[in-house]
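Asks: here is the input, now give the coordinates:
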Amino acid sequence: MCNNVGVAVSVQEAEIAARILLDQGQEHSIETPHGLLHVTVHGTGNTRRPAILTYHDVGMESKSCFSTFFKFEEMQEIVKNFTVVHVDAPGQEEGAAPYPLGYQYASMDQLAEMIPAVLQYFNFRSVIGVGVGAGAYVLSRFTLSNPDSVEGLVLVNIDPNARGWMDWAAQKISTLTSSLTEQMLSHLFSQEETSGNTELVQSHRERISKAPNLSNIELFWKSYNSRRDLNIDRNSTLKCPVMLVVGDQAPYEDAAVECNSKLDPTTTSFLKMADAGGMPQLTQPSKLTEAFKYFIQGMGYMASSCMTRLSRSRTTSLSSSYSIEGSRSRSRTLSQGSQGGNLPPSPSNTMEVSC
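Replies: Predicted structure coming up:
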């Protein structure tokens, strides 16, 4: 009798330990053609479905960029069905040691060339990419070179263009007049947020300014500012379904709108979120989760029965102008709380949806 109780307790403890490990994720260091990558994996390693692979923005790492979004309660309906892989750019992970003086950091193209090693390491056939800012650029570059490895992309604050001379000059002036921390905040947040010095801005200012690997962050920042143009247009573009996301008045709002004009309107969704600031995945996780669900459903990976009460209650209002099943057949512009008239002219088959 006592032995049976002991076994039961041991099994229960093992299950608890497994759940804790699943929540914290398993960390891996993966060798790539351009150096080591720090990767954190959540989930069971199911290779029958594409993994969700994330790539963070400059000035952040995977935890500060994605924890709020992926730990959001309603997001659990999605992540429990997928393996989630968080990739940290070289030297950006928490606790990373500073690179030696004169270290040659990887270019944005080289960062994209490191991702196939991650898929090979975990034996993933394909991924659904979720990238923010610099991470959105890296995943886009990877997808252009490896179209068969990517089933869908969620690109937040994407800027597909190389820096022009005006941008270069402005950056030089900013380098002379602003600290690296303030440059990062201007990149991550809207002017309204930085001027208002919101609680979110304050917390990230403290995090960046006290980061022991601040010199590594600067290297990543310089690499991003030296990026090449993605050279996409309607004739040479991303082949997979894409959801573009940007906050209203965000620093890269215009760039995201321009990117939308260069993508295939039959496979592209554009989500412009009001009151989201520069980082909608942190400020509006509920709205972004719902949009992500529709995106996943459109790819055929989540049945409508998995929708939350919130999604169910809003399906009726959306169904007349927004078809989940038709996500591959037309482009959609979802404007969260904003009027469609405020957006630049969209392709004739782009649908405006206020929700």
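
Asks: where does the prediction get shaky in the chain?
Replies: Scanning the chain for pLDDT under 70 picks out 1-24, 44-47, 163-177, 303-355.

Asks: and for residue 239, the neighbour number?
Replies: 13 (other CB atoms under 10 Å). For every residue, glycine as well, the C-beta is placed using N, CA and C.

Asks: ok, now which ones touch it?
Replies: Residue 239 is in contact with 143, 147, 264, 267, counting by CB atoms under 8 Å, 6 or more residues apart in numbering.

Asks: could you rerun that using 10 Å?
Replies: Contact analysis of residue 239 by CB atoms under 10 Å, 6 or more residues apart in numbering lists 143, 144, 147, 148, 150, 264, 267.

Asks: same thing with residue 149?
Replies: Residue 149 neighbours (CB under 10 Å, 6+ apart): 50, 53, 115-116, 119, 124-127, 129, 142-143, 240.

Asks: give me the buried entries from those residues.
Replies: Listed as buried from the contacts of residue 149 are 50, 53, 115, 119, 124, 126, 127, 129, 142, 143, 240; burial here means 16 or more other CB atoms under 10 Å.

Asks: filter those down to the ones in strands?
Replies: 53, 127, 129 (DSSP state E).

Asks: how much space is there between the first one and residue 142?
Replies: Think residue 53. 9 Å (CB to CB, to the nearest Å).

Asks: so the residue nearest to the spatial centre of the chain, which of the three states?
Replies: Among the residues of the chain, the one closest to the centroid is residue 131, at 2.7 Å (CA atoms, centre = their mean). What DSSP: H, G, I helix; E, B strand; the rest coil gives for residue 131 is strand.

Asks: so how far is residue 208 from the nearest residue to it once chain neighbours are set aside?
Replies: Excluding the flanking residues, the one nearest residue 131 by CB to CB, 6 or more residues apart in numbering is residue 139, at 3.9 Å. Separation of residue 139 from residue 208 (CB to CB) stands at 23 Å.

Asks: looking at these two now, which is surrounded by more residues?
Replies: Legend: neighbour count by other CB under 10 Å for residue 139 and residue 208, higher for residue 139 (28 against 21).

Asks: now the residue nearest to residue 88 when sequence neighbours are not counted: phi and psi?
Replies: Of all residues not flanking residue 88 in the chain, residue 38 sits nearest, at 4.3 Å (CB to CB, 6+ apart). Dihedral pair for residue 38: phi -90, psi 120, per degrees, to the nearest 10.

Asks: which residues touch the residue nearest to residue 131?
Replies: 53-55, 87, 111-112, 115, 127, 129-132, 150, 153-155, 158, 238.

Asks: quick one: the helices in the stretch 151-300 of the chain?
Replies: 165-177, 180-188, 191-196, 199-209, 214-225, 253-262, 280-283, 285-298 (DSSP state H, counting those that start in this stretch).

Asks: now for those helices, which one comes closest to residue 43?
Replies: Closest to residue 43 of the helices of the stretch 151-300 of the chain is helix 285-298 (CB to CB; 14.7 Å).

Asks: circling back: so in terms of bridging, what pairs with the residue nearest to the centre of the chain?
Replies: Taking DSSP bridges, one finds residue 55, residue 155 as the beta-bridge partners of residue 131.

Asks: test my guess that it contacts residue 140.
Replies: Yes - using CB atoms under 10 Å, residue 131 is in contact with residue 140, at 7.3 Å.

Asks: and for those two, which residues touch both?
Replies: 55, 153, 155, 158.

Asks: turn those residues into a markdown table, including distance to residue 196.
Replies: Formatted as a markdown table, the shared contacts of residue 131 and residue 140 follow (distance: CB to CB, whole Å):
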| residue | distance to residue 196 |
| --- | --- |
| 55 | 28 |
| 153 | 32 |
| 155 | 27 |
| 158 | 25 |
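
Asks: may I see the buried residues of the strand or helix carrying the residue nearest to residue 131?
Replies: If you go by DSSP states H and E, residue 139 is part of helix 134-145. Going by neighbour count (16+ other CB under 10 Å), the buried part of helix 134-145 is 134, 135, 136, 137, 138, 139, 140, 141, 142, 143, 144.
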